[in-house]
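Colleague: Would you be able to build a 3D model of this:
(chains A and B)
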Number of protein chains: 2
Amino acid sequence: MLELTICLDPAGEKPLYQQLYDSLVEQIRSGALRTEDKLPGKRSLASQLAVAVNTVDTAYQMLVAEGYLEARERSGFYVLEYTGVLPRTAEGAGEMRPPEEPEVPVRFDLSTGAVDTALFPFRTWGRIQKELLYNGEALLRHGHRQGDRELRGELAAYLRAYRGVVCDPEQIVVGAGVEYLLGLLAQLLRGRTAAVENPGYDRPRTILENNGIPCRCVDIDGGGLDPAGLEKSGADLCYVTPSHHFPTGVTMPAGRRAELLRWAAAGEGRYILEDDYDAEFRFDVRPLPSLQGMAGPDGRVVYLCTFSKSLAPSIRIACMVLPWELLAAYRRAFGSYSNTVSRFEQQTLRLFLEGGYFTRHLARMRSAYKGRMEALAASLEAAFPQVRLSGRHTGLHLLVTLPDGPGEERMIASALAEGVRIKGLSAYYMERGERCEANSVILGYASLQDGEIPALIEALRRAWPEG
Amino acid sequence: MLELTICLDPAGEKPLYQQLYDSLVEQIRSGALRTEDKLPGKRSLASQLAVAVNTVDTAYQMLVAEGYLEARERSGFYVLEYTGVLPRTAEGAGEMRPPEEPEVPVRFDLSTGAVDTALFPFRTWGRIQKELLYNGEALLRHGHRQGDRELRGELAAYLRAYRGVVCDPEQIVVGAGVEYLLGLLAQLLRGRTAAVENPGYDRPRTILENNGIPCRCVDIDGGGLDPAGLEKSGADLCYVTPSHHFPTGVTMPAGRRAELLRWAAAGEGRYILEDDYDAEFRFDVRPLPSLQGMAGPDGRVVYLCTFSKSLAPSIRIACMVLPWELLAAYRRAFGSYSNTVSRFEQQTLRLFLEGGYFTRHLARMRSAYKGRMEALAASLEAAFPQVRLSGRHTGLHLLVTLPDGPGEERMIASALAEGVRIKGLSAYYMERGERCEANSVILGYASLQDGEIPALIEALRRAWPEG
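Modeller: Numbers count the residues shown, from 1 in each chain, chains lettered A, B, ... in the order given. The predicted structure follows:
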């Protein structure tokens, strides 16, 4: 029977369960408790320490939740192999914090997802919000559960004109982010299996799986998601980013889009979930019309898009366009749900669209980002003769490959040492990472200021001398 | 050499490259251009159409990008096999539209869920929002995924002081409505069964079931949810509204609360989901502290509350307090989700709480609603000698019973005929409706103006002469 040396301070600041938890974590980390050691039963430890059984139980449950211990049916609690991956902070509450990236002095944060907040149209947005507040009493009441009708009317017009989306405003559902809307979709489509892009953005997969939809990875190639792989996957749902695949920047050609639509039409209950993420930022020619538009309003495509990229990450407005049959199911399942977006922000966006401010704002952003991308690309090519750049024409990041570089891991590490935070391509592979193009990293340039480019390039040259 | 019949309109709205692109797509889709057809060289077509070479080049590049054409080295542009599904339009899709609820002319809407928007503290709320907009650039970036830390700090202090909730701000998750938060909880607790109150508010059950949690109805009596029935139900989760049961207005006594906590502690993985809905509106004594406070920060209670009732239904801010072990699970499952509440509204609420405006606002509302409730109750008792009223002390509605009345259904119908929309008690029974007290309807008085009471009473007297 294991002997534990634990002393708790009933007068201490931290609750007893927290003190017990801390001391057990300490002993596991220090090796005083070893893998497969069996801990004392809750009651015996409780009486040994003169604390409530509940105190011991809480500490044990926390350790189980964090993977320090394993609870074995009718046997007890055992120490699991400790791999040192869990974070540790001074605060008791911090114990359960998920791993945060280490704090390094970062001069250039080129991780994706950032935007240039200086481009946000504060004056107009603010003016509209103030006007709404002056006579906003009506906006205090519940609005339509799918989102205010006037907003959905504006969204339908915008999506038709700029994204070739063919729909009636009734088919639009407004929600607080694509993640939320995707979660509702998953509930409607439960029992099915989803194909996701590999490499790809991992959150959609997380959301689908959290909502009980198993996911299969389908490799993408030069044309995006491969229909043969989709067919082989046996999935009924296909989450896809045809305008601009993340992170490779590939745009899916029309022929392949047609194949996807035929796949969807060929099987009972099949749907394509088209995430039109980033389509606003196409720099060469007009972006391709959406898959939804090719399929039509009663096709088997759900169209999803967010305004968090084009406005600001902290403004949570997204929308989805449902085929009529799914809309009926949506209303049966969620007809009683309140909308998740504040009506003041719904109406601000509506007036922002109505006044043509949004399209002007997009045009401004496109040219700013395009200039930034071109300057960055030119500097990279000048500094690294061997460099290969892809994803120039869309989105807010470049895929940078150094054929003779030091390898992805060292590229990231030495860039970070120079104060440049970037992510590697392999981070986006959920399966078969060995197919990943070597020596490739992703440079998100959205928040990079034009004047900073020379200094950034200098830092990268120091980081990647072999390049 | 292929002959193309293309006519472009230099005065047209669309740019020339777009017109050329459209017409070539049309000919490829219609079959006028067939697979392997070679297109005219850019220069020759440009001169044939009297447009710039760049115009033709752009159109060709778009067609290549979309997979309609292939550019062959030192040879030219060739039509690729087109197997597309032609887009369909919204025409005729209308029949598939789900029916919308019919509108009835209503003078008094006494359905619950309404609030008196005149009580909203517009001046203060608006002023705070404007101040935030003036220097809000930082608020454009992603905030903490559980909600801004300063807001969670204010919430923890408020909930401790007014609801006896014992928690660290780290345990708080802010979200766009209790419905959204309950959905996340259900995903964390999948595999369990939930007990819900019968009669009760039906949305929680809908949300739990939509998220794959089967629900069992447990009858409520004079003390609220019956622990014996809960035990019998075999559920692992218990959704309960102890401060103010909806719709009966019953408040759960302390003894029974302790029984619920014992039930939760007695079984592996059991949790109480405490919806503190409406607790702000208690008119007699200070409301009982929350179950969460009785159980403590590591107890088996998840505390949920919304600000949509106390501020405005259109402002979607709610929060939940998770026990530490669930918090760890929450972060594993949802650590990558963005928060669903706009940071401008999070910070507005934070400053509203910080400045003490919220508690003053609650006090004002309480006295306004209390006066309204008392005036309504007095008028009802004067007009209907037999009437029995319950739920006087909490919430924003009364349960009205007419022992010799015409029966619930006719009470509702004849009230509606007089322009008064109300709901019957039986509407809230999910099972065993026959146990329902007959002749009972629910009068939500939140949006009723004091001056309207006499006219309302007149209408009800006409509707219910037998009363």
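
Colleague: Quick check, the residue in chain A closest to chain B?
Modeller: At 2.6 Å from chain B, residue A:253 is the closest residue in chain A, using Cβ to the nearest Cβ. (C-beta placed from N, C-alpha, C; glycine too.)

Colleague: residue nearest the centroid of chain A?
Modeller: residue A:203 (4.3 Å; Cα atoms, centre = their mean).

Colleague: which non-adjacent residue is nearest that residue?
Modeller: Nearest residue to residue A:203, sequence neighbours excluded (Cβ to Cβ, 6 or more residues apart in numbering or on different chains): residue B:336, at 5.5 Å.

Colleague: Next, count neighbours for that neighbour.
Modeller: When neighbours are counted by other Cβ atoms under 10 Å in any protein chain shown, residue B:336 registers 13.

Colleague: Can I take it that it is in a strand?
Modeller: No. Applying DSSP: H, G, I helix; E, B strand; the rest coil, one finds residue B:336 to be coil, outside a strand.

Colleague: Just want the phi and psi numbers for it.
Modeller: Main-chain dihedrals, residue B:336, degrees, to the nearest 10: phi -100, psi 0.

Colleague: thinking residue A:291 is in contact with residue A:260, fair?
Modeller: Yes. Residue A:291 lies in contact with residue A:260 (Cβ atoms under 8 Å); the separation is 6.7 Å.

Colleague: joint contacts of the two?
Modeller: A:240, A:242, A:272 (Cβ atoms under 8 Å, 6 or more residues apart in numbering or on different chains).

Colleague: before we move on, back to that, list the contacts of the residue nearest to residue A:203.
Modeller: A:202, A:203, A:206, B:145.

Colleague: from memory residue A:233 sits against residue A:195, does it?
Modeller: Yes. In terms of Cβ under 8 Å, residue A:233 counts as a neighbour of residue A:195; the distance is 4.7 Å.

Colleague: and the two? which has more neighbours close in?
Modeller: residue A:195 (25 against 18).

Colleague: Leaving aside the residues adjacent along the chain, what's closest to the more buried one?
Modeller: Closest to residue A:195 by Cβ to Cβ, 6+ apart is residue A:235, at 3.8 Å.

Colleague: what do you get for residue A:337?
Modeller: Closest to residue A:337 by Cβ to Cβ, 6+ apart is residue B:179, at 5.4 Å.

Colleague: What about the one you found, how many residues nearby?
Modeller: Around residue B:179 there are 22 residues (other Cβ under 10 Å).

Colleague: Can you check the pLDDT for it?
Modeller: Turning to residue B:179, the model gives it a pLDDT of 94.

Colleague: In three-state terms, how would it be classified?
Modeller: Taking three-state DSSP, the label given to residue B:179 is helix.

Colleague: quick one, what contacts it?
Modeller: A:337, A:338, B:203, B:207.

Colleague: From the contact counts, what lies against the helix or strand harbouring residue A:262?
Modeller: Assessed by DSSP states H and E, residue A:262 sits inside helix A:254-266. On a contact count with 3 or more Cβ pairs under 8 Å, 6 or more residues apart in numbering or on different chains; DSSP states H and E, helix A:254-266 meets strand A:224-225, helix A:227-233, strand A:237-240, strand A:271-275, helix A:291-295.

Colleague: Brilliant, that's me finished.
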